[in-house]
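In: with the sequence up front, the predicted model follows.
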Amino acid sequence: MNAPVSHLRPPGQDRGLRDVLANRFLLKLIVDKEIQIRYRGTVLGLLWSYLKPGVQFLVFYIAMGVFLELNRGIENFAVYLFSGIVVMNLFGEVFGNASRSVVANGGLLKKIYLPRQLFPVSNLLVAFVHFVPQLAILLIACFITGWRPDLKQLLAVIVGTLIVAVFSLGLGMLFATFNVFFRDAENIVDLIVMVATWASPVLYMWIMVRDKLWEWVYFVYMLNPLTVAVELFHYGFWFPTTDMPQIWHVPPHLLTWWTPLTIVVSALIFFIGDRLFRAQEGNFAQEL
Amino acid sequence: MSSTASKNVKERTDQDLAIRVQNMSKEFVLRHTRSMKEAFVWLVKGRKGDLTAKFKALNDVSFDIYDGETVALLGFNGSGKSTSLKMISGVMNPDSGTVLTREKVAGLIEVGAGFHPDLTGRDNVYLNGAILGMTKAEIDEKFDDIVAFSEIAEFIDTEVKFYSSGMYLRLAFSVAVHTDPEVFLVDEILSVGDEPFQKKCIGRIKDLVRRGKTLVVVSHDLGLVMDICERGIVMDHGNKVYDGSVFGAVAHMRHQDPEEVEREHRENLARAIEDKKRHREREKAEALERGEEFKPQYDPDLDGPLSEEDATSA
């Protein structure tokens, strides 16, 4: 009776993200669905993906650039501002939706076994689809202001994007798990997304943190993967449009020191999120 | 049922196992509190009282199900039969004990799981099919059959939110019965749609049984269960209290004599088949009168199992 039976296996034991890759067809269908229903019943459709960041940019530009006169201190402030905003939007979209994904698909998870990480991962891909229009606008602005990036700067953008993706998906899986047990998590997520914009040099410059606060704050500040991603975007999109002489444009040791460090931080968060999610996913069905 | 009786005689080895459940237990935590605030207050107050209450949903349940067996899980509400099915499908994991199954276990657990009202019928067939474990090639191949079976071909490109609830169920059921897992799980969903469609669905399931599919059914419809299954497991408050022939299981539920249950069921079945035969004769006579060629609608009770190709189009 206790002899192992080779052709049988315990049900519902998935191999995590590898199973998500094995289910690419289902992943694609879920992503398609999310994109289709995002702007269902709207007249403007996907145009909203351009309009929303556009308005957001305008508000910040008028408030920060014109009223607080930051556009005098920073050359091409519009490009500076928008390259930070796109990073934050990508983060907010992945993190916010991935955190909600398990609870939102509770009805399905309770009834049928699926690799559960399909849901957070699908949100990452959906976010990228909405990230592309914003990137397009940013590129247009860059070309207008005379953008001539070198290879290193283009690579910085790609690395920055990857850091945001890994970090926000990891954090998303972490909070998706919390959210199953305590719905408070959703509100904490909203709070984090709100604070994140101000905890990175999106609307101001990183030197303000270094000059106005203690040194250890600056150190912690630079350990935030979002800060580094924003600076990498600044380095890739905004820096090549300026006349470049000032040394404080990007933080020192950005590429040699802070970028590798935050890659480690992001990977660590991702690892913890993945581990926690997989440790708890067996309990999702009964807790939802 | 005669063919299944002969299967029982054959010696079964572990190689023929489809599902093995050993000492499966499950406790549910009935959480009194849902927020961090309450959990925090409870902690601060020195953990007085129970934050949670426990409820034993399954208690040391064991059974083996072999390939080609058709098993009914019976019991009153809250007896643990649906929970058992969730363990087998992998939606939940047992607290202790082991559950082992064949690679592909799926089926009719929830009709229309993952259907989205804003997608068209076509998109939903693909989405739902993929959720139930079908590959793109499989869905492409069976798509026409699925639509034909649902009888709503003209609405297939309409968004599902405009469907009537009957149309919705038809399409959903249609997708579900066209999946091809090694073990079919059926949870209380045979009561869908109007009567003709219901009969069609039950016919489809009987045909799967006849072709040797392993089936695990949860249902309260004891008559139907006796019709489809050969074996019955009765659960009561998380314990397995009976495991044997389906007639014995139904007798256990009804506190009747097993032989009486079986005799009654056979009589009902014989009467139903007589009715169907008479009905078909009458239709044939009417068709002849009108000078048409009579082509009877497929009925698994009268016509025997379909060949593989016919089955997909029936």
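Out: All right, it came through fine. Numbers count the residues shown, from 1 in each chain, chains lettered A, B, ... in the order given.
In: which strands and helices sit next to the lowest-mean-pLDDT helix or strand in chain A?
Out: Ranking every helix and strand in chain A by mean pLDDT, DSSP states H and E puts helix A:70-73 at the bottom, with a mean of 74. When contacts are defined as 3 or more CB pairs under 8 Å, 6 or more residues apart in numbering or on different chains; DSSP states H and E, helix A:70-73 sits against helix A:77-104. For the C-beta atoms, the positions are set from N, CA and C on the backbone; glycine is no exception.
In: tell me the helix or strand right after the helix it packs on.
Out: helix A:106-111 (DSSP states H and E).
In: up against chain B, what does chain A have?
Out: Chain A comes close to chain B at residues A:1-3, A:5, A:7-13, A:23, A:25-26, A:29-30, A:32-33, A:36-37, A:40, A:107-114, A:182-184, A:282-283, A:285-287, as judged by CB under 8 Å from any CB of the partner chain.
In: for chain A, which residue gets nearest to chain B?
Out: Chain B sits closest to A:Gly12 of chain A, with a gap of 2.4 Å, by CB to the nearest CB.
In: can you get me a residue count around that residue?
Out: 23 (other CB atoms under 10 Å in any protein chain shown).
In: that older thread, so how far is the least confident helix or strand of chain A off the chain centroid?
Out: 27 Å (CA atoms, centre = their mean, to the nearest Å).
In: could I get the buried residue list for it?
Out: Residues of helix A:70-73 classed as buried by neighbour count (16 or more other CB atoms under 10 Å in any protein chain shown): A:70-71.
In: could you pull up phi and psi at whichever residue of chain B sits closest to chain A?
Out: For chain B and chain A, the shortest gap (CB to the nearest CB) falls at B:Gly90, measuring 2.4 Å. The phi/psi pair for B:Gly90 (degrees, to the nearest 10) reads phi 90, psi 0.
In: do you know the pLDDT at it?
Out: On pLDDT, B:Gly90 comes in at 85.
In: now it: closest residue in space that isn't a chain neighbour?
Out: In space, and not counting its chain neighbours, B:Gly90 is closest to A:Gly12: 2.4 Å by CB to CB, 6 or more residues apart in numbering or on different chains.
In: one more: B:His237?
Out: B:Ser79 (6.3 Å).
In: okay, now that neighbour: neighbour count?
Out: Neighbour tally, B:Ser79, other CB under 10 Å: 21.
In: please, where are all the strands along chain B?
Out: B:17-31, B:52-66, B:70-74, B:96-101, B:105-108, B:183-187, B:214-218, B:231-236, B:239-245 (DSSP state E).
In: which one of these lies closest to A:Phe270?
Out: With CB to CB as the measure, strand B:17-31 is the member of these nearest A:Phe270 (29.3 Å).
In: off-centre distance for the closest one?
Out: On CA atoms, centre = their mean, the centre of strand B:17-31 falls 19 Å from that of its chain.
In: ok, now stretch A:128-146?
Out: Per CA atoms, centre = their mean, the centroid offset for stretch A:128-146 relative to its chain is 17 Å.
In: buried residues, that stretch. List them.
Out: Per 16+ other CB under 10 Å, stretch A:128-146 contains these buried residues: A:128-131, A:133-135, A:137-138, A:141-142, A:145.
In: rewinding a little: residues touching the least confident helix or strand of chain A, excluding its own?
Out: Under the contact criterion CB atoms under 8 Å, 6 or more residues apart in numbering or on different chains, helix A:70-73 has outside partners A:61, A:64-65, A:77-78, A:203-205.
In: what sits against the residue most central in space within chain A?
Out: Central residue of chain A (CA atoms, centre = their mean): A:Phe91, 2.3 Å from the mean position. A:Phe91 makes contacts with A:164, A:167-168, A:193, A:196, A:226, A:229, as judged by CB under 8 Å, 6+ apart.
In: redo that, cut-off 7 Å
Out: Contact analysis of A:Phe91 by CB atoms under 7 Å, 6 or more residues apart in numbering or on different chains lists A:164, A:168, A:196, A:226.
In: okay, the nearest residue to the last one once chain neighbours are set aside: pLDDT?
Out: It stands for A:Leu226. Spatial nearest neighbour of A:Leu226, chain neighbours left out: A:Ser200 (4.8 Å); criterion: CB to CB, 6+ apart. Note on A:Ser200: pLDDT of 91.
In: same thing with B:Gly304?
Out: 62.
In: please apply the same query to B:Ile109.
Out: Taking B:Ile109 on its own, its pLDDT is 66.
In: just A:Ser266 next, same as before
Out: For A:Ser266, pLDDT reads 96.
In: contact partners for residue 100?
Out: Going with chain A. A:179, A:186.
In: um, chain B though
Out: Applying CB under 7 Å, 6+ apart, the residues near B:Leu100 are A:5, A:8-10, B:20.
In: measure it to A:Phe128 for me?
Out: Distance, B:Leu100 to A:Phe128, by CB to CB, to the nearest Å: 39 Å.
In: thought B:Asn239 was touching B:Asn59?
Out: Yes. If you go by CB atoms under 7 Å, B:Asn239 and B:Asn59 touch, sitting 5.1 Å apart.
In: please, which helix or strand holds the residue of chain A closest to chain B?
Out: Per DSSP H and E, there is no helix or strand for A:Gly12.
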